[in-house]
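J.: My questions concern the predicted model and sequence given below.
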Amino acid sequence: MNRLLSYSVNFILVCCLVLGLGGCVTTRIPLASSSPWREVQLDTQANPLDISFVDENRGFLVGTNRLILETNDGGKTWKDRDLDLEDQENFRLISIDFNGDEGWIAGQPGLVLHTTDGGQNWIRLDLGNKLPGDPYLITTLGAEEAELATTAGALYMTKDSGQTWEGKVSDASGGVRDLRRSPDGNYVSVSSLGNFFATFEPNQENWEPHQRASSKRVQSVGYQPNGQLWMLSRGAEIRFNDESGDIESWEKPVLPIVNGYNYLDLAWDPNQNIWAAGGNGTLLVSKDGGKEWEIDPVGDSQPSNFIRILFEPSSDQGKTKGFVLGERGILLRWSELAANYS
């Protein structure tokens, strides 16, 4: 009986300790008093994956299960848009990019679509087995010109609306789990296992591999506004390059909140606040360069994993478009009233 009582007391103490530590870990940063984000109702259970705009009002959203939606009011409301694809083909539309009326969509498996009239009509390109890997990221460069990156780390350019593609990399980097492009044409990718990342510049012939900043697997790597890199690692770690031009030099990890979910994306808003998005409605903001963080109340109320944060560049800060993309049709929109959010 005494042994049973002892076990019971120990069990209760352990439970209290776990709950206490859990509370400390998951609530050790404050909830912000306001949010610049507004929830957008999408009539879909598919996952939004990318958004791009033709002009200030008209744009397209693409995602899983052949999802493509169109907006004509800057992203406040969205409606279904049909593509001329066979009913039995279940594509994952992963990347879309416009430069004026010239636009491209990359999808998996093996899908590339091109438009020259702002998305009124789309032409499907037959890639066949020409490219290693599946399309992953497409960038519109100008009239009839685009760059395409694949899940195998291959990079291609077309100057004739996709009739021919010229390889930019002599040797693909292998499978990638994350791949991003800077505005000046540099690329950074994360290996499929997350055990290293690689960079590519237009004057190179091959990807240059780099060691991760710690023993923890890398989730994603991207570009800060100043061109230096940021890194998200397992264990909800955030790191920033601490020396300009030195890709191997990283600051100590930042761990704003550890709730068992990894961060999946990082982005800077027009006011240079840093936003971090991740699992279980995790949406955090830092207004001092990553030192202090707050939980966004709108994001915190969403039953979804946030997978991407996008800000559409604009010369007018008050008209900047921003979106947080979540699973199962969850979408948050940057409010026009957020121009001075700080």
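T.: All right, it came through fine.

J.: Report the buried residues of stretch 156-163.
T.: When neighbours are counted by 16 or more other C-beta atoms under 10 Å, the buried residues of stretch 156-163 are found to be 156, 158, 161, 162. C-beta coordinates here come from the backbone N, C-alpha and C atoms, glycine included.

J.: How far does that stretch sit from its chain's centre?
T.: Its chain's C-alpha centre and that of stretch 156-163 lie 25 Å apart, by C-alpha atoms, centre = their mean, to the nearest Å.

J.: quick one: contacts of it?
T.: 112, 114, 116, 123, 125, 131, 141, 144-150, 164-168 (C-beta atoms under 8 Å, 6 or more residues apart in numbering).

J.: One more pass at 6 Å, please.
T.: Counting by C-beta atoms under 6 Å, 6 or more residues apart in numbering, stretch 156-163 makes contact with 114, 125, 144, 145, 146, 147, 148, 165, 166, 167, 168, all of which sit outside it.

J.: Now secondary structure and distance to residue 79 too, for those residues, in a markdown table please.
T.: Supplementary listing: the contacts of stretch 156-163 in a markdown table, determined by DSSP: H, G, I helix; E, B strand; the rest coil; distance: C-beta to C-beta, whole Å:
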| residue | secondary structure | distance to residue 79 |
| --- | --- | --- |
| 114 | strand | 22 |
| 125 | strand | 26 |
| 144 | coil | 29 |
| 145 | strand | 30 |
| 146 | strand | 26 |
| 147 | strand | 30 |
| 148 | strand | 28 |
| 165 | coil | 33 |
| 166 | strand | 37 |
| 167 | strand | 38 |
| 168 | coil | 37 |
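
J.: out of these, who's nearest residue 303?
T.: For residue 303, the closest of those turns out to be residue 148, at 34.7 Å, with distances computed as C-beta to C-beta.

J.: Identify the bridge partners of the closest one.
T.: With DSSP bridges as the criterion, residue 148 is bridged to residue 138, residue 156.

J.: which residues touch residue 222?
T.: Taking C-beta under 6 Å, 6+ apart as the contact definition, residue 222 lies against 180, 230.

J.: which element is it on?
T.: Assigning secondary structure by DSSP states H and E places residue 222 in strand 218-223.

J.: just to revisit the earlier point, if any of the contacts of stretch 156-163 are buried, put those into a ChimeraX selection.
T.: Applied in ChimeraX, the following selects the buried portion of these according to 16+ other C-beta under 10 Å:
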select :114,125,145,146,147,148,165,168
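
J.: Can you tell me which of the contacts of stretch 156-163 comes closest to residue 253?
T.: So of those, ranked by how close each gets to residue 253 (C-beta to C-beta), first place is residue 147, at 32.3 Å.

J.: The closest one - nearest residue in space that isn't next to it in sequence?
T.: Leaving out its chain neighbours, the residue that sits closest to residue 147 by C-beta to C-beta, 6 or more residues apart in numbering is residue 139, at 4.6 Å.

J.: what does residue 283 give?
T.: The spatially closest residue to residue 283, leaving aside those adjacent along the chain, is residue 299, at 2.7 Å (C-beta to C-beta, 6+ apart).

J.: Check which helix or strand that neighbour maps to.
T.: In this structure, residue 299 sits in helix 297-300 according to DSSP H and E.

J.: just checking, next helix/strand downstream of that helix?
T.: Next along the chain after helix 297-300, taking DSSP H and E as the criterion, comes strand 306-312.

J.: who does the strand holding residue 222 pair up with?
T.: Here strand 218-223 has these sheet partners by DSSP bridges: strand 229-233 (antiparallel).

J.: Show residues contacting the strand it pairs with.
T.: Residues from elsewhere that reach strand 229-233, judged by C-beta under 6 Å, 6+ apart: 213, 216, 218-222, 224, 239-241, 263, 266.

J.: Could you dump the contacts of stretch 156-163 into TSV and include distance to residue 32 and pLDDT?
T.: Compiled in TSV, these are given as follows (distance: C-beta to C-beta, whole Å; pLDDT from 0 to 100):
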residue	distance to residue 32	pLDDT
114	42	97
125	45	90
144	45	96
145	42	97
146	39	97
147	38	97
148	39	96
165	46	90
166	48	91
167	47	90
168	43	90
